[in-house]
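Participant: Fold the stuff below for me.
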Amino acid sequence: MDGLSDCGTRAVSVIGFIGSVFSPWYRWSGRKNPQNHVCINVATYGKGGRFTMTDRGTSALRQTASRFEVGPSMMRWENDTLIIDIDEISSPPLISRIKGQIRVIPSALTNVELALTDDSSHIWRPFAPRSRIEVDIDRPGWQWSGEGYFDANFGTRALEEDFSYWTWGRYPTGDGATCFYDATRLDGSELAAGFHFDETGQATSIPLPPKAPIRRSLWAVKRETRGDAGAKARQVQNMLDAPFYSRSAVETTLNGERTTGVHEALDLTRFRSPLIKPMLAVRVPRRSKWTFS
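Facilitator: Model prediction:
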C-alpha cells in the first residue's frame, strides 16, 4: 500500500513479501523457498522519513485468512479496514525504530486482475485503488490522514526473467482513480494498460493517453507516465531512489484534471547486474530466526 498526506509533505509505503523479490538473500538462496524470505517493508517519506526492509526466515511468518504477520509487524483486516501494525528497525545510515499503525479504509474493493505476461506468470491485483489512510507513527509530525491505495502482485518467476523495464502509476480523480501499467518484456513485446475505477470499485479499461516523460531520477532511471496530449508530467516529491528503481509523487493531467499520484519506474536490466546485490545487502539485513512471544 501507499499513501500521500493531504498536506502534501508526507508519504508512506508498506509492502508485504513472501519471497522478497528485491532481497539479495532470496536471490543468493536460489529462490527455492519463498517462505524463508519474508518481509514487511516500511518506508516513510518527508521530514524524519525512514526505510526498513528486513529479510526474515520461516519462523517469522504466520498467516490466517485475514492476517499476514512477519516477525514484529503485521497486516490484518478488521471489517472493511486494513490495519497495519509496524514495529521495525530502519536501515543504515539512519538506524532507528519505526513503530505505529496505519489504517487503510477503501472506498470499495475491486475484482480486477491483469495478467502481465501471456502465460500469467505475473498477475497484478488492484484491491483498493481509492482509499483513505490514517497514519499514526511515534514520531513528531507523523500523525496524518491522506489519500491511499492498496494492491498486490503475484508471480511464479523472478521479475528480471520476464521484464527489462516497467512503469506504473495510480492517480486519484474527482470520480475515482486511474491506474496505468506499461512494461517491456524480455521477448520485446510491450504491455500497455489503463483502468479507471469509480467509487464503487467498478473498473473500466480506458483508451490510453500518450506517454508523458518525467525527468530521470537521481540515479538516472528513465521515467515516464501518461497524461493528456500536450500536458507535462513532473515529480513533486522524491520518495525512493535506487540504482534500478524510482518511486515518487508525480503530477499529471487526465481528462483536463490536474492530479497527483504515486509513480514507480523499475529498470530490471540494471537489477540483473551482480553488482547490485551486495549494495542491496547493506539496506536489506537478513534475520533468519524469530520467536513469537
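Participant: How many residues are close by D118?
Facilitator: The number of residues packed near D118 is 11, by other C-beta atoms under 10 Å. (Glycine included, C-beta is placed from N, CA and C.)
Participant: which SSE is it in?
Facilitator: Element membership of D118 [criterion: DSSP states H and E] is none; it lies in no helix or strand.
Participant: Buried residues of the biggest strand by length in the chain, list them for me.
Facilitator: Secondary structure assigned by DSSP state E gives strand 122-137 as the longest strand of the chain. Using 16 or more other C-beta atoms under 10 Å as the burial criterion, the residues of strand 122-137 that qualify are 122, 124, 126-135, 137.
Participant: Could you do stretch 70-82 as well?
Facilitator: Of the residues in stretch 70-82, those buried by neighbour count under the rule 16+ other C-beta under 10 Å are V70, G71, P72, S73, M74, M75, L82.
Participant: Identify the residues contacting S20.
Facilitator: Under the criterion of C-beta atoms under 8 Å, 6 or more residues apart in numbering, the neighbours of S20 are Y26, H37, V38, C39, N41, M53, D55, V284.
Participant: Among these, name the ones in strands.
Facilitator: Helix and strand membership here follows DSSP E; of those, those in strands are V38, C39, N41, D55.
Participant: Tell me, how many residues neighbour the third one?
Facilitator: It stands for N41. Other residues lying near N41 total 21 when counted by other C-beta under 10 Å.
Participant: Report the strands that pair with the one helix or strand A193 maps to, each with its relative direction.
Facilitator: Assessed by DSSP H and E, A193 sits inside strand 190-197. Within its sheet, and counting by DSSP bridges, strand 190-197 is paired with strand 176-185 (antiparallel), strand 203-205 (antiparallel).
Participant: Give me the distance from the first one to the chain's centre.
Facilitator: Averaging C-alpha coordinates over strand 176-185 and over its chain gives two centres that are 13 Å apart (C-alpha atoms, centre = their mean, to the nearest Å).
Participant: State the mean pLDDT of it.
Facilitator: Confidence over strand 176-185, taken as the mean pLDDT, stands at 97.
Participant: quick one: contacts of that strand?
Facilitator: Identification of contacts with strand 176-185 by C-beta under 8 Å, 6+ apart yields 114, 116-117, 124, 126, 129-130, 149, 162-171, 190-199, 206, 208, 211, 224-226, 254, 259, 261.
Participant: Same check on the shortest one?
Facilitator: Residues lying outside strand 203-205 but in contact with it, judged by C-beta under 8 Å, 6+ apart, are T110, N111, V112, P126, A193, G194, F195, H196, F197, D198.
Participant: try 6 Å this time
Facilitator: Contact with strand 203-205 is made by T110, V112, F195, H196, F197, as judged by C-beta atoms under 6 Å, 6 or more residues apart in numbering.
Participant: Would you mark the buried spots in it?
Facilitator: By neighbour count, and taking 16+ other C-beta under 10 Å as the criterion, the buried residues in strand 203-205 are A203.
Participant: next SSE after it?
Facilitator: Later in the chain than strand 203-205, the nearest helix or strand by DSSP H and E is strand 211-214.
Participant: what helices or strands is that following strand leaning on?
Facilitator: The elements that strand 211-214 packs onto, with contact taken as 3 or more C-beta pairs under 6 Å, 6 or more residues apart in numbering; DSSP states H and E, are strand 223-226.
Participant: The strand it packs on - which strands sit beside it in the sheet, and in what orientation?
Facilitator: strand 211-214 (antiparallel).
Participant: about what we covered before: can you say which of the ones in strands among the contacts of S20 are buried?
Facilitator: Using 16+ other C-beta under 10 Å as the burial test, the ones in strands among the contacts of S20 include V38, C39, N41, D55 as buried.
Participant: Does the second one have any beta-bridge partners, and if so which?
Facilitator: Each beta-bridge partner of C39 is listed here, defined by DSSP bridges: F17.
Participant: Can you report how many residues lie near E264?
Facilitator: By the other C-beta under 10 Å criterion, the neighbourhood of E264 contains 21 residues.
Participant: hey, C-alpha coordinates of the helix or strand containing T252 in CSV?
Facilitator: With elements taken from DSSP H and E, the one containing T252 is strand 245-254. C-alpha atoms of strand 245-254 as CSV (Å, rounded to 0.1, in the frame of the first residue of the first chain):
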residue,chain,number,x,y,z
TYR,A,245,14.2,1.8,-9.0
SER,A,246,12.4,5.1,-8.5
ARG,A,247,9.2,5.8,-6.5
SER,A,248,7.9,9.4,-6.4
ALA,A,249,4.8,11.5,-6.2
VAL,A,250,4.0,12.7,-9.8
GLU,A,251,1.6,15.3,-11.1
THR,A,252,0.0,14.8,-14.4
THR,A,253,-3.2,15.8,-16.3
LEU,A,254,-6.0,13.3,-17.0
